[in-house]
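Could you look at this predicted model? Sequence included:
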Amino acid sequence: KAGVTQTPRYLIKTRGQQVTLSCSPISGHRSVSWYQQTPGQGLQFLFEYFSETQRNKGNFPGRFSGRQFSNSRSEMNVSTLELGDSALYLCASSITRGQGAGETQYFGPGTRLLVL
Amino acid sequence: AQTVTQSQPEMSVQEAETVTLSCTYDTSENNYYLFWYKQPPSRQMILVIRQEAYKQQNATENRFSVNFQKAAKSFSLKISDSQLGDTAMYFCAFVFNTDKLIFGTGTRLQVFP
């Protein structure tokens, strides 16, 4: 099976712009979660989608949003970019037969976003 | 609030030796899951091992094993016969009743020849 894929792998934007990142989960996986990784804050949970619905949300401002499509592919959008949004954005997918079942999350290679 | 603590920012080990990475967590939950993930320089996060809190038996995966002490809220990772390819950041993570992984700050492991 193909792993989790993320596009693009690298992105450079300027402050004030917006950006959309894409994630394709492993075939058959219905849950997609997004994480932000920075040297200062470490790995932080952004949100999780399951069956096109946001099921969990982390403590991020409303500039960060996401969605999931019927084929389980997910996108996250960051509007009005700030310098502090520079990070590695990781997407993870899991089968998730039920919330809280502790299913293993499989990660994609990440999108490295640089905001200038 | 649930927290995960990795008190060793960096560790090193010689090839073929054994090393143990520490992880403690804080939770009032009884049913939860613990993970160790590895992130090599490529930045791809790779699952190393998974432990279900309701199982007393320690999980093992080839050269990787855990010492899970539920009462002490400790979840250490032992890597036996260390290989150069084990060089990476190792993250301990915790999840309960949602799919939100809570990560520790990581331990950078360097394996020397």
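Perfect, thanks for sending it. Numbering: from 1, shown residues only, chains lettered A, B, ... in the order given.

Run a quick neighbour tally on residue A:39.
8 (other CB atoms under 10 Å in any protein chain shown). Heads up, the C-betas are built off the backbone N, CA and C, glycines and all.

got the contact list for residue A:35?
A:43, A:44, A:45, A:46, A:89, A:90, A:91, A:92, B:101 (CB atoms under 8 Å, 6 or more residues apart in numbering or on different chains).

Quick check, the residue in chain B closest to chain A?
Taking CB to the nearest CB, chain A has its nearest neighbour within chain B at residue B:33, 3.1 Å off.

end to end, how far does stretch A:38-46 reach?
From the first residue to the last, stretch A:38-46 extends over 13 Å; the measure is CA to CA, to the nearest Å.

Can you pull the residues of chain A lying near chain B?
Residues of chain A found near chain B, taking CB under 8 Å from any CB of the partner chain as the criterion, are A:31, A:33, A:35, A:42-43, A:45, A:48, A:50, A:55-56, A:58, A:88, A:90, A:92, A:94, A:96, A:99-100, A:102-110, A:112.

Is it possible to mark the buried ones in those residues?
For those, a neighbour count by 16 or more other CB atoms under 10 Å in any protein chain shown gives the buried set as A:31, A:33, A:35, A:42-43, A:45, A:48, A:50, A:55-56, A:88, A:90, A:92, A:94, A:96, A:100, A:102-103, A:105-110, A:112.

For chain A, which helix or strand comes out least confident on mean pLDDT?
Taking mean pLDDT, DSSP states H and E as the measure, the helices and strands of chain A show their lowest mean at strand A:53-57, namely a mean of 92.

Beyond that strand, next helix or strand please.
Towards the C-terminus, the helix or strand next in line after strand A:53-57, according to DSSP states H and E, is strand A:64-68.
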